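Asker: predicted coordinates and the sequence they were generated for:
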Amino acid sequence: MEEKGFFTNNSFFEGNREYKSDVFSMLMEDPQNVLAVYNAVNHSEYKDPGQVEMCRLDRGISLSVRNDASFILDASLSIYEHQSTVCPNMPVRSLIYFSTIVSGIIKRKNIYGHSLVKIPTPRFVVFYNGEEDQPEQYEMRLSDAYARKMENPELELTCKVYNINFGKNKALLDNCLVLKEYMILVDYIRAYYREAGYQRLEHCIELAIDRCIREGVLRDFLLERRVVSSNL
């Protein structure tokens, strides 16, 4: 299986400024974590990670077409994306992700026949943890990007955005340990980086990882990634 990121010398790459997205993507490779996040977002109580069918975008279409997590659960195709900067183009990107995945799902089915070809119900979620102040929750719509506005657009797509910075969406984080611990790691890195005068990001990441392991925050995940790195 292709690794989306791994530790080098006990850190992510070498001072990788995309560490927040990389860590989120790696956490979402685990169906157990996916299930925990899904339950917290949807107020559901699924317990069997075996029910989660992970989806991967076809890299043969475009190397630029990739997202952080896509999976099918309960006949719904959930597309989760992490953002550390505000990006108004998420609905357009989500449309591309959804179309790419569904094309793979139905490629052996006859969409020209008399029988209706069912597709999973789409659900689009964005988790934001950038430093620019944003509301706790809001929605972005595909129709916002239309050059010509329509009162009732014939094609619409809605992304639900959750601000997961501490102080925002407390109930969501309290109900999802993996998201809460992910944000603890991110905040530790931010604090060390700020104290270092925004220099030596790699070293700050290492300090935060060491602290999280000592405190039991994402401990198994962080230790496992270090083992993977040391064996490469």
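Answerer: Received, thanks.

Asker: counting by contacts, list what the longest helix along the chain packs against.
Answerer: Assignment by DSSP state H gives helix 177-195 as the longest helix of the chain. On a contact count with 3 or more Cβ pairs under 8 Å, 6 or more residues apart in numbering; DSSP states H and E, helix 177-195 meets helix 19-27, helix 31-42, helix 170-174, helix 201-215. (Glycine included, C-beta is placed from N, CA and C.)

Asker: how far off helix 177-195 does the first one point, in degrees?
Answerer: The one in question is helix 19-27. Using axes from the mean of the first three to the mean of the last three Cα atoms, to 10 degrees, the inter-axis angle of helix 19-27 relative to helix 177-195 is 160 degrees.

Asker: try the second one
Answerer: Helix 31-42 and helix 177-195 are oriented at 90 degrees to each other (the same axes, to 10 degrees).

Asker: for the helices and strands packed on helix 177-195, which one ends up most surrounded?
Answerer: Counting by mean count of other Cβ atoms under 10 Å, helix 19-27 has the highest mean neighbour count of the helices and strands packed on helix 177-195, with a mean of 22.

Asker: ok, Gly130 to Asn67 distance?
Answerer: To Asn67, Gly130 is 17 Å away according to Cβ to Cβ, to the nearest Å.

Asker: and those two? which has more neighbours close in?
Answerer: Per other Cβ atoms under 10 Å, whichever of Gly130 and Asn67 has more neighbours is Asn67, with 22 against 15.

Asker: no further queries at this time; thank you.
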